[in-house]
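missing the sequence, but the structure's below:
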């Protein structure tokens, strides 16, 4: 199957700082080869989540406050950046966030710093969900934990249309999946979806023909074949029958506006372009931002990467502007293609 092309250019952010170039070189020499070794193992190996424990030492954005929240089957955090109030202080908007890590690693500690910056830029509190992950639980349970997080926000008094769902990498998969699940439950439509370097399609064949198939500085293409196989085996062991619908294959016409940020050389560009094309074809506004030569989830390096700080500012602008965009969208009927930044060519 040929990859979809774009009828209009996405928003392109040019410039690559010395810091970003060094980061890319570092990842290509260390992380990418290590992942490559993992993909070639003839058996499934799931090392301890060491990075999550080590990340406890990382500082957050100055003035950030957070507290633990117990969801039915997972631990989460309620986080407010400096100067950000919650609903008790009159702020009726909030963000539901899902960390990345390929559904295998990372957690609240690794992403607290990034989430604190998103909270500060958006001027909204964030529920950062520590969802269950493989190999202990299948992805369907990760989605269920995300739905529980949305339910918690509703119980605190937040309206569905005032909740933005966001995530990076695998968290981007959850952001779209949870939005779909919430709508299907009849709870209302979230304000919007923000996805950073999102993994949105577990089918590796749709990445193989993309121009970035072998250009990514973080992931070899084989990583997604391995992840697809691992997730399938875990589903089978848990008795989950049938294929799991990835976000790119879900019904999209009633989804909220979306912002997708991606590095120009990421292998996941295939997912970002496909999702953006299908959203716009369904009449859903989607801003696809491509950041020149930036690595996977470069936003997490905002403490020393200027492009990351710029990208987070863009997230803040998008999230704060959703109220205005929502009123515009409800007053106009959706069109088959052209409601967003790009349009699809099939």
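Noted; the coordinates are in hand. Model, not experiment: these values are computed from the prediction.

quick one: low-confidence ranges for the stretch 101-250 of the chain?
By pLDDT under 70, the low-scoring segments of the stretch 101-250 of the chain are 241-243.

can you pull out the strands in it?
In the stretch 101-250 of the chain, the segments counted as strands under DSSP state E, counting those that start in this stretch are 126-130, 163-168, 192-196.

elements contacting the last one?
I take that to be strand 192-196. Packing contacts for strand 192-196, counted by 3 or more C-beta pairs under 8 Å, 6 or more residues apart in numbering; DSSP states H and E, involve strand 163-168, helix 170-184, strand 258-263, helix 306-320. Every C-beta, even on glycine, is put in place using the N, C-alpha and C of the backbone.

contact partners of that strand?
Identification of contacts with strand 192-196 by C-beta atoms under 8 Å, 6 or more residues apart in numbering yields 100, 164-169, 171-172, 175-176, 179, 255-261, 272, 275, 297, 299, 311, 315, 318-319, 322, 325.

so who does residue 28 touch?
Taking C-beta under 8 Å, 6+ apart as the contact definition, residue 28 lies against 217-218.

one more: residue 312?
Shown in contact with residue 312 (C-beta under 8 Å, 6+ apart): 117-118, 121, 299, 302.

of those, closest to residue 62?
Each of the contacts of residue 312 was scored against residue 62 by C-beta to C-beta, and residue 117 proved nearest at 10.4 Å.

doesn't residue 79 make contact with the closest one?
No: when contacts are counted by C-beta atoms under 8 Å, residue 117 is not listed as touching residue 79 (10.6 Å).

any chance you could map the helices in the stretch 101-250 of the chain?
Taking DSSP state H, counting those that start in this stretch as the test, the helices found in the stretch 101-250 of the chain are 108-122, 139-155, 170-184, 205-208, 222-237.

circling back: now the helices and strands packed on strand 192-196 in a markdown table, with distance to residue 214?
As requested, these are exported to a markdown table (distance: least, C-beta to C-beta, whole Å):
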| stretch | distance to residue 214 |
| --- | --- |
| strand 163-168 | 23 |
| helix 170-184 | 22 |
| strand 258-263 | 15 |
| helix 306-320 | 23 |
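
nearest to residue 92 among those would be which one?
Comparing those by C-beta to C-beta, strand 163-168 comes nearest, at 9.9 Å.

list the neighbouring strands of the closest one plus their orientation.
Pairing partners of strand 163-168, with direction, according to DSSP bridges: strand 94-98 (parallel), strand 192-196 (parallel).

kindly reformat those as JSON lines containing mean neighbour count.
What follows is the strands paired with strand 163-168, written out as JSON lines (neighbours: other C-beta atoms under 10 Å):
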{"stretch": "strand 94-98", "mean neighbour count": "28"}
{"stretch": "strand 192-196", "mean neighbour count": "29"}
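
okay, those strands in CSV with distance to residue 290 next?
Compiled in CSV, the strands paired with strand 163-168 are given as follows (distance: least, C-beta to C-beta, whole Å):
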stretch, distance to residue 290
strand 94-98, 22
strand 192-196, 12
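
residue 131: which of those strands is closest?
Set against residue 131 and scored by C-beta to C-beta, the strands paired with strand 163-168 come closest in strand 94-98, at 6.6 Å.

now do that closest one: everything it contacts.
Surrounding strand 94-98, the residues in contact under the criterion C-beta under 8 Å, 6+ apart are 86-87, 111, 115, 118-119, 122, 124-129, 131, 146, 149-150, 153, 156, 158, 162-168, 170-172, 174-175, 178, 190, 319.

and the residue lying closest to residue 208 once chain neighbours are set aside, how many neighbours?
Setting aside the residues directly before and after it, residue 208 is nearest to residue 221 in space (C-beta to C-beta, 6 or more residues apart in numbering), at 6.5 Å. Residues lying near residue 221 (other C-beta atoms under 10 Å) number 19.

ok, now how distant is residue 221 from residue 101?
19 Å (C-beta to C-beta, to the nearest Å).

again with residue 128
13 Å.

between the helix or strand containing residue 32 and helix 222-237, how many degrees?
Secondary structure from DSSP states H and E places residue 32 in helix 31-40. When axes from the mean of the first three to the mean of the last three C-alpha atoms, to 10 degrees is applied, the directions of helix 31-40 and helix 222-237 differ by 40 degrees.
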